[in-house]
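Visitor: Could you work out the structure for the sequence below:
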Amino acid sequence: METLTSLPIPDDQVDCLESLADDLPVESKELLHALVACLRNDDDIVAFDPSDTLSPNAAAKRLGMSRTHLYKLLDDGEIPSHRVGRDRRIFMRDLMNFQIARHESRRRLAADFAHRDAVDARAAEELAELL
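Guide: The predicted model follows:
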């Protein structure tokens, strides 16, 4: 895993990079938009080999959770792991798949709550009209 660091890129160059995305296939367009978002937010950009492995400590730190919670996820099979001797290792691709699935699940939950609030508001309006 390698963190790509460089001098800040001027906004006009980032704008130019973003404009290139319009003519690309969807997958490349999404990648370029994610890259541009990272550049605009001054976020680190990390390149890794999907077959790289992490220790549970490193994986927990990357996910921003306690080691205890990570071990629960490993034991439940939510994040695949394998053993090297008596130590556990987690493939980077499995960790990234978990992060993507967790993000999508949270997004769906937020959308469900937003939809439920809209339905509740409409029902309250209809009841108020009937009274």
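
Visitor: buried residues in the longest helix along the chain?
Guide: Determined from DSSP state H, the single longest helix within the chain is helix 92-130. For helix 92-130, a neighbour-count test (16 or more other C-beta atoms under 10 Å) marks M92, D94, L95, F98 as buried. Every residue, glycine included, has its C-beta placed from N, CA and C.

Visitor: need the contact list for the third one.
Guide: Counting by C-beta atoms under 8 Å, 6 or more residues apart in numbering, L95 touches L54, A59, R62, L63, I79.

Visitor: how about a cut-off of 10 Å?
Guide: Contacts for L95 (C-beta atoms under 10 Å, 6 or more residues apart in numbering) come out as 48, 50, 52-54, 58-59, 62-63, 70, 79-81.

Visitor: among the residues you listed, which are in helices?
Guide: Per DSSP H, the subset of the contacts of L95 in helices is A58, A59, R62, L63, L70.

Visitor: Of these, keep whichever come out buried.
Guide: A59, R62, L63, L70.

Visitor: what's stretch 79-91 in contact with?
Guide: 49-56, 58-60, 62-63, 70-75, 93-95, 97-99, 101-102.

Visitor: can I see the domain layout of the protein?
Guide: 1-47, 51-131 (automatic domain parsing).

Visitor: How many neighbouring residues does L54 have?
Guide: Using other C-beta atoms under 10 Å, L54 has 21 other residues around it.
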